[in-house]
Structure formats: structure tokens, C-alpha cells
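A.B. asks: A predicted structure for the sequence below; I have some questions about it.
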Amino acid sequence: NAGVTQTPKFRVLKTGQSMTLLCAQDMNHEYMYWYRQDPGMGLRLIHYSVGEGTTAKGEVPDGYNVSRLKKQNFLLGLESAAPSQTSVYFCASSYASPGLALFEQYFGPGTRLTVT
Amino acid sequence: AQTVTQSQPEMSVQEAETVTLSCTYDTSESDYYLFWYKQPPSRQMILVIRQEAYKQQNATENRFSVNFQKAAKSFSLKISDSQLGDAAMYFCAFPSFGAGNQFYFGTGTSLTVIP
């Protein structure tokens, strides 16, 4: 049981290049999320998905796209990278609760992206 | 709108002593969970403790406990018998019942443990 994995762990891009970050989870979670973490700002939600084939915008979606073609995978794409997208990116997943109780999110190890 | 506030950017504690990290939140929901996550230098986000708002009793996990004051919307984390391995960033998190179980995170408190 690997939990939540992210690929790659580190990446350096030049301005204008594109890339895709892959998140995979083996816990059969319905919900998946992409966050970015910047110094002094905690974690901010980029996009999320409540199930296979669905995606929704979070707090800071501009410049990113996502896809959830398979339940276990959630991809984050940068079409034209900018220096402002230099950050640490975290993927997370969680159960979908049938009631009011919401369960914790399980996080991947993070991807450090530098855009020069 | 949901907000989570951690007013202590940095804290330090002597090894074996006790430290309390503060967190306040704002919500109109009546039933919810609250979480504390730890992020050591490895970057991995690790769940420390969770509190269910409808429970009167404060949650405890070994040396970690919370002081949950629902009316005051306060959720502080107490670490007893601090160890060097407790040094990390600590984030308070509050999930919303809106679509997608979105989490709102505080800006974090950096804890230093002094030998």
C-alpha cells in the first residue's frame, strides 16, 4: 500500500515550457486535490476532483489544468510555465463521506518545481 | 467564508517541556472536524490529531492533545514532553462541507525544539 505518490519529485522548467505532474493513490479514494505551498502562505487549493471524470477549481486555478480520467490518478498540467509558479506542489486524497463527517486528507511527498 | 488563523509564525520550546500552538477559525457550520498536520523538513504532511466538533472531550494522541473551545472557535495543540523530532511546521486545517471536502489551512507555525 503506497498511499499517495507523486511524480516527479523535482523539476526545473524554463519560462514557457509545459509539464504534467502525476498523482496516484491506491486507497480507492473518491476525492483528490492539488495544492501549492509557498513560504508564509500555507497550502492553497489549485483544483480538485470529487470523482472520476470530474474536476473543479480551487482558490488559485489560473495557469493550471487538471484531468481525472482514472479514479486513482489526478494529473496537474502547466501549459506555459511562469516564474510565479515556482512552488512546492502537493497532491492529496480523501474518502467521500456519506454524511456530515469528513475524513482527513492523505498527502503525497510533494514536487518541488522551479521555473527560471 | 471559512478562515483559519495561526497567529504564531514561530515558536520554540526546550526539550522535555510543553508548548501550545494556537489556531482560530471561522465557520457557520455546526458540525465539522478540525485537524493538526505536522510537516517536518522532509516535506511530508503528517496527520497529528483530529477533533470532532460535536464531541465535548478534547482529543489526545500520546503526547499531543488539543484544547477545543467551540464557542470561541479556538483549536490549540499542546505538545507535552517535547522531543527533537517534534521540530517541524505545524498546520491547523479545517474542512468545509461544501463540494469536495475542501480543506482550509492556516499559514503554519514553525516549531524549534532546543536541546
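C.D. replies: Structure received.
A.B. asks: which stretches of chain B have low pLDDT?
C.D. replies: Applying pLDDT under 70 to chain B flags the ranges B:1-2, B:97-100.
A.B. asks: who in it is up against chain A?
C.D. replies: B:9, B:31-33, B:35, B:42-45, B:47, B:50, B:52, B:91, B:93, B:95, B:97, B:99-103, B:105-108 (C-beta under 8 Å from any C-beta of the partner chain). Glycine gets a C-beta too; all of them are placed from N, C-alpha and C.
A.B. asks: look up phi and psi at B:Asp86.
C.D. replies: Dihedral angles phi and psi of B:Asp86 (degrees, to the nearest 10) take the values phi -80, psi -10.
A.B. asks: does it touch B:Leu77 like I think?
C.D. replies: No - B:Asp86 is beyond contact range of B:Leu77, at 10.7 Å (criterion: C-beta atoms under 8 Å).
A.B. asks: neighbour-wise, which of these two wins?
C.D. replies: B:Leu77 (24 against 20; other C-beta atoms under 10 Å in any protein chain shown).
A.B. asks: show me what the more buried one is bridged to.
C.D. replies: B:Leu21, B:Val66 (DSSP bridges).
A.B. asks: center of chain A, which residue is that?
C.D. replies: A:Trp34 (2.3 Å; C-alpha atoms, centre = their mean).
A.B. asks: ok, the helix or strand where it lies: who's next to it in the sheet?
C.D. replies: Per DSSP states H and E, A:Trp34 falls inside strand A:31-37. Sheet pairing here is set by DSSP bridges, and for strand A:31-37 it gives strand A:43-49 (antiparallel), strand A:87-94 (antiparallel).
A.B. asks: run the chain-centre distance for the last one.
C.D. replies: Put simply, strand A:87-94 sits 5 Å off its chain's centre (C-alpha atoms, centre = their mean, to the nearest Å).
A.B. asks: likewise for stretch A:16-24?
C.D. replies: On the basis of C-alpha atoms, centre = their mean, stretch A:16-24 sits 10 Å off its chain's mean C-alpha point.
A.B. asks: which parts of that stretch are buried?
C.D. replies: By neighbour count on 16 or more other C-beta atoms under 10 Å in any protein chain shown, the buried set for stretch A:16-24 is A:Met19, A:Leu21, A:Cys23, A:Ala24.
A.B. asks: quick one: the last one is in a helix?
C.D. replies: It stands for A:Ala24. No - using DSSP: H, G, I helix; E, B strand; the rest coil, the assignment for A:Ala24 is strand, not a helix.
A.B. asks: that one bridge partners, please.
C.D. replies: A:Thr5, A:Asn73.
A.B. asks: list the contacts of it.
C.D. replies: Neighbouring residues of A:Ala24 by C-beta atoms under 8 Å, 6 or more residues apart in numbering or on different chains: A:Ala2, A:Val4, A:Thr5, A:Gln6, A:Thr7, A:Gln72, A:Asn73.
A.B. asks: top of the residues you listed by neighbour count?
C.D. replies: In terms of neighbour count, A:Val4 stands highest of those at 22 neighbours, by other C-beta under 10 Å.
A.B. asks: could you find the closest non-adjacent residue to residue 46?
C.D. replies: I went with chain A, as the question did not name one. Leaving aside its chain neighbours, A:Ile46 sits nearest to A:Trp34 (4.4 Å; criterion: C-beta to C-beta, 6 or more residues apart in numbering or on different chains).
A.B. asks: that was the other one, I meant chain B.
C.D. replies: B:Lys38 (4.7 Å).
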